[in-house]
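# kindly return the folded structure for what I paste below:
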Amino acid sequence: MPVSEEDISLAQQALYENEALRENLDDDEAAALLKWGETCIALLGQAEGDFGQGCQAVRRVLAAVDKLVARADLEDGVAQQAIQRLVESAPSLGLSFSAQQVQDALPADSADRQGTLEALLALLDGGAPTSASEDEPPPPDASNPSNTPGERFNRVMGRLRGLLGGG
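Numbering: from 1, shown residues only. Predicted structure coming up:
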């Protein structure tokens, strides 16, 4: 049964009110990440499954991305914990990637905040990690409209709907 528009709106609003999800981000970084979360929650509300569990997974993913963007400024081990949290939360959103794939997607320069955010959002949108194996499809072609971040996101959300039993 789909979730009410009011419940979806309240869950989305809660993302913006939860400072822990963006405590390490500047305004532009937070806006991009929260927009991803907002869209994800809207789609979760249309799918069959446990909406509350899905929202918790979105929050865990956002918190992990927040930590990874700021990994250059954090204590040792925090980034590894964030990667583990991201990998563990991904299946609840119909995503699947390993800690190594996350690690490989991150820029070598841990101070490259924008590059880190872009890499993580691409991974969350279903983009191919930088260390693609022979079994994985080639990286998306930015000149092809069906491979834009929005289209990749739609494909990921289609997998999410299938996972949660929605149409």
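
# residues touching residue 24, list them.
By CB atoms under 8 Å, 6 or more residues apart in numbering, the contact list for residue 24 reads 66-67, 69-70, 73-74. Where C-beta positions appear, they are placed from N, C-alpha and C, glycine not excepted.

# which of these are buried?
Buried members of those, scored by 16 or more other CB atoms under 10 Å, are 66-67, 69-70, 74.

# wait, doesn't residue 90 sit right on residue 61?
Yes. Residue 90 is in contact with residue 61 according to CB atoms under 8 Å; the separation is 7.1 Å.

# the more surrounded of the two?
residue 61 (25 against 20; other CB atoms under 10 Å).

# go ahead and confirm the more buried one touches residue 123.
No. Counting by CB under 8 Å, residue 61 does not reach residue 123; the two are 10.4 Å apart.

# how near is residue 88 to residue 102?
Applying CB to CB, to the nearest Å, the value for residue 88 to residue 102 is 11 Å.

# buried ones in the helix or strand encompassing residue 79, by neighbour count?
Using DSSP states H and E, residue 79 maps to helix 78-89. Buried residues in helix 78-89, counted by 16+ other CB under 10 Å: 79, 82-83, 85-87, 89.

# CA-only coordinates of that helix, as CSV, when you get a sec.
Output in CSV follows, covering the C-alpha atoms of helix 78-89 (Å, rounded to 0.1, in the frame of the first residue of the first chain):
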residue,chain,number,x,y,z
VAL,A,78,35.9,7.1,10.7
ALA,A,79,36.0,6.8,6.9
GLN,A,80,36.3,3.0,7.1
GLN,A,81,33.3,2.9,9.4
ALA,A,82,31.4,5.1,7.0
ILE,A,83,32.2,2.9,4.0
GLN,A,84,31.0,-0.1,6.0
ARG,A,85,27.8,1.6,6.9
LEU,A,86,27.2,2.6,3.3
VAL,A,87,27.8,-1.0,2.0
GLU,A,88,25.5,-2.4,4.7
SER,A,89,22.7,0.1,4.0
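
# show me the contact partners of it.
57, 60-61, 63-65, 67-68, 71, 97-99, 102-103, 110, 120.

# show the buried residues in those residues.
Applying 16+ other CB under 10 Å to the contacts of helix 78-89 flags 57, 60-61, 63-65, 67-68, 71, 97, 102, 110, 120 as buried.

# ok, which pair from those is furthest apart?
Comparing every pair within the buried ones among the contacts of helix 78-89 by CB to CB identifies 57 and 110 as the most remote, at 25.5 Å.
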